[in-house]
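Enquirer: Need coordinates for the following:
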Amino acid sequence: MDVYLVGGAVRDELLGFPFHERDWVVVGATPEQMLAEGFTPVGKDFPVFLHGTTREEYALARTERKSGRGYTGFTFHTDVSVSLEEDLIRRDLTINAIAKNTEGEFIDPYGGRQDIENRMLRHVSPAFAEDPVRILRIARFAARYHQLGFVVAPETQALMQSMVDAGEVDHLVAERVWKEMQRALAEPNPEIFIEVLRACGALARLMPELDCLWGVPQRAEYHPEIDTGVHTLLTLQQAVLLTATDADTRVRFAALVHDLGKGVTPVDELPRHIAHEHRGIPLVKAVCARLGVPKEHRDLALAVTGQHLNCHRLFELKPATVLKMLQALDALRRPERLPLFVAACKADARGRTGFEAAPYPQAEYLAAALAACLAVKPDKLMAQGLTGKALGDGINHARIAAIAKLKDEWPAASQ
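Expert: The predicted structure follows:
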């Protein structure tokens with residue numbers, strides 16, 4: 001048998017890009033030989049094995065044939081006669097179809113190294129069109145390698161468009177869409193993921209609530225970029241900057257969907273967007289339900305959608321309204337959520353042309369307001385004999401008073 005390192009490890013080695021996983025292809029072997037060598041079988045659809053020591057994946061060389069719609073409709077064939085070139089041609093991109101043998105030599109039958117040099121994301125063969133997940137993957141690779149100058153090849157862009165037109169994207173299951181989206185949101189340039197999907201028409205099929213934001217105007221005095229779709233991606237870019245150390249996809253997803261309500265503003269109200277935050281709530285719920293978005297991502301996205309204007313106008317709010325806002329965020333019970341909410345709101349405020357470095361004192365003020373509320377202890381009120389509703393009302397009054405005191409003492413210059 002012959003063993004080759006393949007896929008992302010080879011690609012990223014050639015790029016000088018960090019990688020943590022290695023995948024291998026075995027040519028000329030049978031499942032029985034792999035078992036005899038001490039490998040553990042794990043593949044369901046085709047023979048994949050785990051190395052007994054490294055636990056890395058070793059797959060027998062295979063070919064595949066389209067047998068249905070979507071990305072699950074494939075039949076696979078493995079045999080000792082399947083060559084390395086036959087295995088590599090079934091892969092998505094030329095840069096992922098390079099192998100490296102045990103002597104350190106690269107095998108590159110489809111021009112992957114040239115495309116790495118030219119910074120081009122190009123499909124290996126027409127078989128690319130058989131798997132709609134590849135549209136999501138190429139968009140994610142574009143987001144990952146954008147900083148290196150990679151772009152989608154024109155012919156691949158055209159092929160992706162034809163796949164969308166043929167309805168292939170409509171057969172993607174929610175779990176796979178969200179998996180690729182969440183991975184893309186963790187990349188350095190997740191806005192490119194959205195741009196690539198939008199360019200081929202896939203975004204309109206997968207997230208029509210987001211796709212319709214392009215072309216929707218906003219008031220120029222608040223949004224010099226005017227276009228709501230442009231503002232959304234500027235906000236996402238700012239969210240990346242604010243979560244650069246942890247790549248928190250909760251904040252980034254909230255930034256991505258925070259203005260969906262502007263897509264349903266009545267035409268006669270434009271470019272104003274009255275109550276867009278409330279109109280956005282059912283749209284965010286619909287997106288999350290359709291894509292199977294995890295609860296923590298969903299809850300933060302709903303909080304940001306519904307409360308981001310209140311956060312921006314924080315210094316104008318009455319202390320009682322600030323308390324209601326903190327209660328709506330469930331911040332009194334889960335204070336760890338507040339920094340995530342504030343980060344998304346700050347990204348929204350800075351996601352406007354010319355406001356990229358604008359101060360956001362609301363962040364410090366809201367954190368101080370929460371601390372003031374949490375400092376209110378029920379002991380004294382209980383000592384006065386308050387119980388039940390009276391105790392709850394007393395705690396609220398004390399918290400409102402604490403916020404009022406904070407507001408009076410807060411430096412006017414920072415408001």
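
Enquirer: what stretches of the protein score poorly on pLDDT?
Expert: Within the chain, the segments meeting pLDDT under 70 span 44-46, 64-77, 413.

Enquirer: Got the domain ranges for it?
Expert: With domains defined by automatic domain parsing, the chain comprises 1-111, 224-414.

Enquirer: Redo these as CSV? Include mean neighbour count and distance to residue 184.
Expert: Glycine gets a C-beta too; all of them are placed from N, C-alpha and C. Shown next, in CSV, are the domains of the chain (neighbours: other C-beta atoms under 10 Å; distance: least, C-beta to C-beta, whole Å):
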stretch, mean neighbour count, distance to residue 184
domain 1-111, 16, 15
domain 224-414, 18, 9
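
Enquirer: Strands of the stretch 101-250 of the chain, start to end?
Expert: Applying DSSP state E, counting those that start in this stretch to the stretch 101-250 of the chain gives strands spanning 106-107, 120-121, 151-152.

Enquirer: Quick one, which of the domains of the chain gets closest to residue 183.
Expert: Ranking these by proximity to residue 183 (C-beta to C-beta) places domain 224-414 first, at 8.6 Å.

Enquirer: Could you list every helix and strand in contact with the longest helix along the chain?
Expert: What stands out as the longest helix in the chain, according to DSSP state H, is helix 388-409. Counting contacts by 3 or more C-beta pairs under 8 Å, 6 or more residues apart in numbering; DSSP states H and E, helix 388-409 packs against helix 319-328, helix 362-374, helix 379-383.

Enquirer: now the ones you listed in TSV, with distance to residue 8?
Expert: Below are those laid out as TSV (distance: least, C-beta to C-beta, whole Å):
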stretch	distance to residue 8
helix 319-328	43
helix 362-374	38
helix 379-383	58
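
Enquirer: Spell out the secondary structure type for residue 3.
Expert: strand (DSSP: H, G, I helix; E, B strand; the rest coil).

Enquirer: correct me, but it touches residue 99?
Expert: No - judged on C-beta atoms under 8 Å, residue 3 makes no contact with residue 99 at a distance of 9.8 Å.

Enquirer: list the residues that contact both of those two?
Expert: Common neighbours of residue 3 and residue 99, counting by C-beta atoms under 8 Å, 6 or more residues apart in numbering, are residue 25.

Enquirer: re the thing from before, how about the domains of the chain in CSV, adding distance to residue 160?
Expert: Below are these laid out as CSV (distance: least, C-beta to C-beta, whole Å):
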stretch, distance to residue 160
domain 1-111, 11
domain 224-414, 19
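
Enquirer: Out of these, which is closest to residue 181?
Expert: domain 224-414 (7.2 Å).

Enquirer: hmm, back to that, out of the strands of the stretch 101-250 of the chain, which comes closest to residue 313?
Expert: The nearest among these, by C-beta to C-beta, is strand 151-152 at 40.5 Å.

Enquirer: What pairs with the closest one, parallel or antiparallel?
Expert: Here strand 151-152 is paired, per DSSP bridges, with strand 120-121 (parallel).

Enquirer: which residues sit against the strand it pairs with?
Expert: Contacts for strand 120-121 (C-beta under 8 Å, 6+ apart): 93, 95, 115, 138, 141-142, 145, 150-153, 156.
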